[in-house]
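S.K.: Got a predicted structure plus its sequence, pasted below:
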Amino acid sequence: MTIAIALKINDGIVLATDSASTIVGEEIEDGVRYVRHTYFTADKLFNLKKGSRIGAMT
């Protein structure tokens with residue numbers, strides 16, 4: 001699950017996301033999947049063009 005927030009303020013827009021990313025393993029029994037690994041340094045917020053003021057969140 002990802003948490004992404006966009007706030008409109010007087011000076012512009014503030015974008016924020018969490019940094020956790022999870023890799024899920026294959027199904028084991030009854031369609032239950034298990035977590036293989038969780039990374040806490042994922043980049044989910046980035047500029048669409050370097051140096052521009054246009055950003056995106058994933």
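M.R.: Nice, thanks for sending it over. Numbers count the residues shown, from 1 in each chain.
S.K.: center of this protein - which residue?
M.R.: Geometric centre of the chain, nearest residue: residue 44, 3.9 Å, by Cα atoms, centre = their mean.
S.K.: Please look at that one and residue 58 and confirm they touch.
M.R.: Yes: at 4.9 Å, residue 44 counts as touching residue 58 under the criterion of Cβ atoms under 8 Å. C-beta here means a position set from N, CA and C on the backbone, and glycine is covered the same way.
S.K.: Identify the contacts common to these two.
M.R.: 2, 17 (Cβ atoms under 8 Å, 6 or more residues apart in numbering).
S.K.: all strands of this protein, in order?
M.R.: Assigned by DSSP state E, the chain shows strands spanning 4-9, 12-17, 21-27, 33-39, 45-47, 55-57.
S.K.: Let me have those strands in a markdown table, adding mean pLDDT and mean neighbour count as columns.
M.R.: Converted to a markdown table, the strands of the chain look like this (pLDDT from 0 to 100; neighbours: other Cβ atoms under 10 Å):
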| stretch | mean pLDDT | mean neighbour count |
| --- | --- | --- |
| strand 4-9 | 93 | 10 |
| strand 12-17 | 91 | 12 |
| strand 21-27 | 86 | 11 |
| strand 33-39 | 88 | 10 |
| strand 45-47 | 89 | 13 |
| strand 55-57 | 86 | 12 |
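S.K.: Now the residue nearest to the centre of the chain. Nearest residue, chain neighbours left out?
M.R.: In this structure, residue 44 finds its nearest non-sequential neighbour in residue 17, 4.1 Å apart by Cβ to Cβ, 6 or more residues apart in numbering.
S.K.: so what's that neighbour bridging to?
M.R.: Assessed by DSSP bridges, residue 17 has beta-bridge partners residue 4.
S.K.: Surely it is in contact with residue 57?
M.R.: Yes: with contact defined as Cβ under 8 Å, residue 17 reaches residue 57; the gap is 5.2 Å.
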